[in-house]
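Asks: Have a look at this prediction, sequence included:
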Amino acid sequence: MLHYLTHTRETRQDFGGEKSTFHADSRMVKSMPKYEKIETLLTELHQHRRLFSALFERRMTEVSEEAVFELIDGDPDKLERLRAYGLLVRTPGHIKLADQLHDFFSEYMEVDETVHVLFIQENLDEIRKLTGYWLKD
């Protein structure tokens, strides 16, 4: 289904006397399909659980399309379906979880990348301290 969005340039006077301007080009946008039932979404997530798990585990690095194809049995139609439904994002040569799915997994799993960086920094500081201690002896 195609939807046509037409936006016009609009300038209006705000209460404070300032002007605000809105502008967007007219363009044709293809609407994204949606899951009609939660059961369908859960089935899709379960069916591709290895893929979603691998992408979430490697969320800090780019995952190549070749690696993703191995997890979906080399079927480009599966990849396109997951992208069309907004579960994956495709960039040139790489695949990642869609932001909404990534955020859901991160929040539910209570994973915060800043905690990991802090943890690493604390360990590096401890190593430096111990190295200094051993070098003195």
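Replies: That came in fine, so what should we check first?

Asks: where do the helices sit along this protein?
Replies: 38-47, 49-57, 65-71, 76-84, 99-108, 113-136 (DSSP state H).

Asks: Can you say which of these is nearest to residue 93?
Replies: Proximity to residue 93, assessed across these by CB to CB, is greatest for helix 65-71 (5.9 Å). Bear in mind the C-beta positions are built from the backbone N, C-alpha and C, glycine included.

Asks: Comparing the helices of the chain by mean pLDDT, which bottoms out?
Replies: Of all those, mean pLDDT reaches its minimum on helix 113-136 (a mean of 79).

Asks: would you turn the helices of the chain into TSV with mean neighbour count and distance to residue 92?
Replies: As requested, those are exported to TSV (neighbours: other CB atoms under 10 Å; distance: least, CB to CB, whole Å):
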stretch	mean neighbour count	distance to residue 92
helix 38-47	12	25
helix 49-57	16	17
helix 65-71	16	9
helix 76-84	15	13
helix 99-108	13	18
helix 113-136	10	24
